[in-house]
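Q: fold the following for me, if possible:
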Amino acid sequence: MGKEQLELYEKIKSMQEQITQLHADYWQQYSNLGTWQFWVIFLLLFIAPLVTLYFLIDRRNMFLLGFYGFNIHVWFGYIDTWGYKQGYWGYPYQLVPFLPGNLSLDAALIPIAFMLVYQWTLKHNKNFYLYTTALSLFLSFIFKPILTLHHLFELHKGTNFFHLFISYCGIFLFSKIITNVFIKMQEK
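A: Numbers count the residues shown, from 1 in each chain. Here you go, the predicted structure:
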């Protein structure tokens, strides 16, 4: 590694450490266990979906649903982190200060909501694409505006709820394609 590259790398590393510390300080002041926002995020957006999934998941299709949900989690987490780091949206209150994005949404509520819709469409032989599009509409134009109203989610740089809808649709489509590819591979 050349001297100029090393200096730039060290500068990035140092700034990242400062940003991480700033996030921790912000969390301690405004988003800690003593705030109502923390408990809403922890109990309603993180714990409640996990408990719901435990009781509602179809155990016969658990691996299929889990694989699909994990796909949603991974791609949603990547998109959410990218948008957060680019400054397109933000979360003034977070469950933990050291992870970008929103752990409750990325790892619990959103993947579980998509998993349960997928499960329902399988069980009732309904159109997966229609119902997951409906879920995407709900999340984009009802759920996220409610979070915004309570300052649990903020949009920036001209980003709007339609952009979120397109992201949700892209994520569920990509996750379904990957799931279908694995199903086909398993059958062969």
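Q: tell me who's in contact with the residue nearest the centre of the chain.
A: Nearest residue to the geometric centre of the chain (Cα atoms, centre = their mean): Asp106, 2.3 Å. Asp106 sits next to His73, Phe76, Gly77, Asp80 when contact means Cβ atoms under 8 Å, 6 or more residues apart in numbering. Backbone N, C-alpha and C define where each C-beta goes, glycine included.
Q: which among those residues gets closest to His151?
A: Asp80 (17.5 Å; Cβ to Cβ).
Q: that closest one: how many residues sit nearby?
A: Using other Cβ atoms under 10 Å, Asp80 has 22 neighbouring residues.
Q: next one: the one 4 residues further on
A: Taking other Cβ under 10 Å as the criterion, the count of residues near Tyr84 is 17.
Q: okay, and the helix or strand of this structure with the least pLDDT?
A: Least confident helix or strand, the chain: helix 103-104 with a mean of 88, by mean pLDDT, DSSP states H and E.
Q: which other residues reach it?
A: Ile41, Phe42, Leu45, Phe46, Gln94, Leu95, Val96.
Q: need the contact list for the fifth one.
A: Spelled out, that is Gln94. Trp27, Ser31, Ile41, Asn102, Leu103 are the contacts of Gln94 under Cβ under 8 Å, 6+ apart.
Q: and the second one, by the same measure?
A: Remark: with contacts taken as Cβ under 8 Å, 6+ apart, Phe42 is in contact with Leu95, Ser104.
Q: if we can go back for a sec, closest to Leu137 among the contacts of Gln94?
A: Asn102 (20.0 Å).
Q: how about the helix or strand following the least confident helix or strand of the chain: buried residues?
A: As assigned by DSSP states H and E, the chain's next helix or strand after helix 103-104 is helix 110-123. Residues of helix 110-123 classed as buried by neighbour count (16 or more other Cβ atoms under 10 Å): Ile110, Pro111, Ile112, Ala113, Phe114, Met115, Leu116, Val117, Tyr118, Gln119, Thr121.
Q: and if you look at stretch 46-60?
A: Quick answer for stretch 46-60 (16+ other Cβ under 10 Å): Phe46, Pro49, Leu53, Ile57.
Q: now, among those, which is nearest to His156?
A: For those, the nearest to His156 is Phe46 (24.0 Å; Cβ to Cβ).
Q: tell me how far the closest residue to the closest one other than its chain neighbours lies from Gly77.
A: Spatially, and ignoring its direct neighbours in sequence, Phe46 is nearest to Ser104 (4.0 Å; Cβ to Cβ, 6 or more residues apart in numbering). Distance of Ser104 to Gly77, given as Cβ to Cβ, to the nearest Å: 12 Å.
Q: likewise for Asp25?
A: When Asp25 is compared with Gly77 (using Cβ to Cβ), they lie 24 Å apart.
Q: the two: which is more packed in?
A: Using other Cβ under 10 Å, the more surrounded residue of Asp25 and Gly77 is Gly77, with 21 against 11.
Q: which pair of the contacts of helix 103-104 spans the longest distance?
A: So, the contacts of helix 103-104 by Cβ to Cβ: farthest apart are Leu45 and Val96, at 12.8 Å.
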